[in-house]
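Chemist: my questions are about this predicted structure, shown below with the sequence.
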Amino acid sequence: MVVMGGKEIIQLDDVNFYYGECRALSNISMKFVKNKVTALIGPSGCGKSTLLRVLNRMNDLIDGTKVEGKIFFEGKNIYAPDVDPVEIRRKIGMVFQKPNPFPKTIYNNISYGPKLAGLGVEDMDTLVEQSLRQAVLWDEVKNILNKSAMNLSGGQQQRLCIARALAMKPDVLLMDEPTSALDPISTAKIEELIEALKKDYTIIIVTHNMQQAARISDETAFFYMGNLIEYNKTEKIFTNPDMKQTEDYITGRFG
Amino acid sequence: MKWRYFKQSVFFSLVRASALIITLALGGIIFYIFYNGYSVISWDFITKPPTDSMTKGGIMPAIIGTIYLTLGAIAIGLPLGIASAVYLTEYARQGKVVRAIKIGINCLAGVPSVVFGLFGLGFFVIFLKFGSSILAGSLTLGFLILPTIIGASEEALKSVPQTFREASLSLGVSKWQTTYRIVLPNALPGILTGSILGIGRAAGETAPIMFTAAAFFTSKLPGSVFDEVMALPYHVYVLSTAGTNIEATRPIQFGTVLVLVAVVLGIDLIAIIIRGYMRRNKRW
Amino acid sequence: MNRRIKETVIKHAFFLFALVSVIVLGLIVLSLFREGLPVFKQVSLKDFVFGMEWYPTYDPPSFGIFPLIFGSFIVTLLATVIAVPLGVLAAIYISDITPRPAVRESLKSVIELLAGLPSVVLGFFGMVIVAPWLQETFDLPTGLNIINASVILAIMAIPTISSISEDALYSVPQEFKEASYALGATKFETITKVILPAALSGISTAVMLGMARSIGETMVVLMVAGGAAAIPESIFDSVRPMPASIAAEMGETPYGSSHYHALFAIGVVLFFLTLSFNLIADYVSHKFRQTGSATL
């Protein structure tokens, strides 16, 4: 097992994951460190997105999947039989590859989660403003909060989705290639945002973009064919990786 | 011209002729009914009961009866149909049970309307002792249109993007709340327009209500769901086959047919127009 | 934990709702048998199905429904012969020939509205328009006969056949068509040699469902088939298909009489006939489903 400096928040203990007969993750053991940005990289189909969705039990929703092993979140196994996945997802938020706002107003997109989770928010207006400010979207939308979120640009929609996740006040934010559907300017904004968010949140991000991983992450994990090949400080991975496969991948020799 | 192009042009003519024949059949039937029926239509015809052994007067009780039966069928078919579709698309895991339910729904869709009538008679009217009544007729019609509503609802639910469900669930919102707050509201317009076609069918069916709800003649309006009612489709059948003077009541027959066609095709046309509008303005 | 219990309860409640269709199907079978089986105390199954004489009100009555079964089959077959070419060709027009979306959408709406016409209206049309015309033109004793019923039934079956065929034609992969054109085939050759064979299972399903619809249709055969419970000698003779017999006689039959039970027994025969048509259609559409170019 690779050990990182800092306080761990999520720990995987010999995790296997199956889609039907097909094994998508093999014997993954690793720790994610609190208040750091961890990048998951690797070629398509290597299991990095699957891993992300195992962490908040989103894969429960797919028929015929199976998880083996243990995943501890703040010391508790989230796959223990008495654990409610809904509770886990409140603490571990997620941002998807394609911006997916609800066809509701901007305001209602943000207030939707806290309201239904029964968090007992006393001042919803403040929470909405706070979340939008955190996602650096407030100034652009403060006058159109009652307009449909579908009218926003792609980059704005993605920041709205981040704000929506932040409104639940999660501990961890999972991001599944959050900039792959966006233009370079929107991408830069979201990268700045991630940088700013890490003092309050633990961020785990899947990315296809090597430069992005190098720019924004503290730790990087390289996956290949469902195996964790190498996991280390980002600097180390991108300058002097231990494994030949990692080097081949980050220098663009395959993938 | 070469032989193969000659064959092609003959074939294309046949294809176009078929399209034309079908269009003319619909147009011809509607035109003929309208042409013969419109002169009978008046305010009195729609608002007055029949008189003189149904050889004169209006068709008001039949209109009211059809409205009651149709509303009853909606009240039974729509909630059951939507709930079934929610189970099949949102909750069920693919497997033998779901396959069996789907075959059951397909078989139910194929049951002839007269068999539904027999079922309604044997089960609701006689076994449950509802008598020939609005209740028995509505239940029979409601189950008749159930497969249509399930099909329309399934299609509408499937067209709600999976990403909406994922976004909601990832926020820690429960499955039911996600279904109720996100999936159903977005599917509802599609469910309703799809179901309207089934509802039009309920309004126009005759065989299922013949032995379960329809009265030959009543001058008073129903007082409870256990009363018999007149209904437009049955009224057409009665007037044109068993009336006291079939030839003399021809105009009334045409008038009744016109009202029935206007009601049923009006319902269908609204559904078709709304659906076209929704497709053009789809946001996702 | 409370929420998980609630979610489980909701899930099971929805499952029960989904079972309603199956339960209703079961109740239909049960009701038909409960009311229909007693007739076999009076008549054997063989004499019921193959008996040539349907005199339910005579004393003693005679419950042979073969003429009714024959009547159902003859009008269904003839209706299918008329409806299949029209329906399939219209489907080809919609899916592969018309270049303009507006024309395509209009024809689809026409077919949908045709499907929406109440059967009693079509029966009325057959009775008031088609029958007198047939009677005069061919100098017949009555215009209420096999050919009239078949034509009207065909109008009812066309929408079913056409819309399901169109789905099948539409789902033939584009690369098949392109491959055919690339080899220099004409549009006609592509349609008959490539598209139609690829869509054959879907079209067969459409035909089966169209036949199921015709055989179970009641008001049309009740109003225009003429009502003679005898084996016909020509297509201008009257017949009394099964649904017509049920609908016409149920109103005048005392509850619990053997005639009443016999009508339910006809319902059993009709139910299982349409059920087998539907199951065959379901089997054909699943067994031979074209899932993509790779499966050929």
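Modeler: Cool, the structure landed.

Chemist: how far away is the closest residue to C:Ala185 other than its chain neighbours from chain A?
Modeler: In this structure, C:Ala185 finds its nearest non-sequential neighbour in C:Lys193, 7.0 Å apart by C-beta to C-beta, 6 or more residues apart in numbering or on different chains. To be clear about C-beta, it is placed using only N, CA and C from the backbone, and glycine gets the same treatment. According to C-beta to the nearest C-beta, to the nearest Å, C:Lys193 and chain A sit 39 Å apart.

Chemist: C:Lys193 - that's part of a helix, no?
Modeler: Yes - counting by DSSP: H, G, I helix; E, B strand; the rest coil, C:Lys193 falls inside a helix.

Chemist: count the neighbours of it for me.
Modeler: Per other C-beta atoms under 10 Å in any protein chain shown, the neighbour tally for C:Lys193 reads 13.

Chemist: my read is that it contacts C:Ser180, right?
Modeler: Yes - between C:Lys193 and C:Ser180 there is a contact under C-beta atoms under 8 Å: 7.2 Å.

Chemist: contacts only, for the closest residue to chain B within the stretch 1-150 of chain A.
Modeler: For the stretch 1-150 of chain A and chain B, the shortest gap (C-beta to the nearest C-beta) falls at A:Arg90, measuring 3.0 Å. Residues in contact with A:Arg90 (C-beta atoms under 8 Å, 6 or more residues apart in numbering or on different chains) are A:117, A:168, A:170, B:171-172.

Chemist: go again using 10 Å as the cut-off
Modeler: With contact set as C-beta atoms under 10 Å, 6 or more residues apart in numbering or on different chains, A:Arg90 has these partners: A:56, A:84, A:113-114, A:117, A:119, A:168-171, B:170-173.

Chemist: swap in A:Lys236?
Modeler: Per C-beta under 10 Å, 6+ apart, neighbours of A:Lys236: A:219-220, A:230, A:242.

Chemist: tell me the secondary structure at it.
Modeler: With three-state DSSP as the criterion, A:Lys236 reads helix.

Chemist: give me the pLDDT value at it.
Modeler: Reported pLDDT at A:Lys236 in the predicted model: 92.

Chemist: could you do the one 10 residues further on as well?
Modeler: The predicted local distance difference test score for A:Thr246 is 90.

Chemist: so who does it touch?
Modeler: Per C-beta under 10 Å, 6+ apart, neighbours of A:Thr246: A:41-42, A:220-222, A:224, A:229-232, A:237-238.

Chemist: ditto for C:Ala83
Modeler: Contacts of C:Ala83 by C-beta under 10 Å, 6+ apart are C:150-151, C:153-162, C:207, C:210-211, C:213-214.

Chemist: check which helix or strand covers the residue of the stretch 1-150 of chain A closest to chain B.
Modeler: A:Arg90 is part of helix A:85-91 when elements are defined by DSSP states H and E.

Chemist: now A:Phe72
Modeler: Element membership for A:Phe72, per DSSP H and E: strand A:65-73.

Chemist: what mean pLDDT does that strand get?
Modeler: On average, strand A:65-73 scores 92.

Chemist: show me what counts as buried in it.
Modeler: Within strand A:65-73, the residues scored as buried using 16 or more other C-beta atoms under 10 Å in any protein chain shown are A:65, A:67, A:69-73.

Chemist: filter these by proximity to chain B?
Modeler: Filtering the buried residues of strand A:65-73 for proximity to chain B (criterion: C-beta under 10 Å from any C-beta of the partner chain) leaves nothing.

Chemist: hmm, which two among the residues you listed are most spread apart?
Modeler: Farthest apart among these by C-beta to C-beta are A:Thr65 and A:Phe72. That separation is 20.1 Å.

Chemist: could you pull out the strands for the chain?
Modeler: All of this is about chain A. For chain A, the strands defined by DSSP state E occupy A:8-19, A:22-33, A:37-41, A:65-73, A:76-77, A:92-95, A:172-176, A:202-206, A:219-224, A:227-233.

Chemist: wrong one, I was asking about chain C
Modeler: Counting by DSSP E, the strands of chain C are C:54-55, C:62-63.

Chemist: what of the stretch 1-150 of chain B?
Modeler: Using DSSP state E, counting those that start in this stretch, the strands of the stretch 1-150 of chain B run over residues B:50-51, B:56-57.

Chemist: and the last one, how far out from the chain's middle?
Modeler: Okay, so that is strand B:56-57. Distance of strand B:56-57 from the chain centroid (C-alpha atoms, centre = their mean, to the nearest Å) equals 28 Å.

Chemist: report the strands that pair with that strand, each with its relative direction.
Modeler: strand B:50-51 (antiparallel) (DSSP bridges).

Chemist: name the residues that touch the strand it pairs with?
Modeler: So strand B:50-51 is in contact with B:56-62, B:217-219, B:230, B:235, B:239, B:249, B:252, B:256, going by C-beta under 10 Å, 6+ apart.

Chemist: among those residues, which pair sits farthest apart?
Modeler: B:Thr218 and B:Thr249 (17.9 Å).

Chemist: the two: which has the busier surroundings?
Modeler: Between B:Thr218 and B:Thr249, B:Thr249 has the larger neighbour count (other C-beta under 10 Å), namely 21 against 16.

Chemist: measure the more buried one to chain A for me?
Modeler: 54 Å.

Chemist: what's the answer for B:Leu118, then?
Modeler: Taken as C-beta to the nearest C-beta, the span from B:Leu118 to chain A is 40 Å.

Chemist: how about that residue: what's its closest non-neighbour residue?
Modeler: B:Leu118 sits nearest to C:Gly267 (C-beta to C-beta, 6+ apart), 4.3 Å away.

Chemist: could you do B:Ala25 as well?
Modeler: Per C-beta to C-beta, 6+ apart, closest to B:Ala25 is C:Ile155, 5.7 Å.
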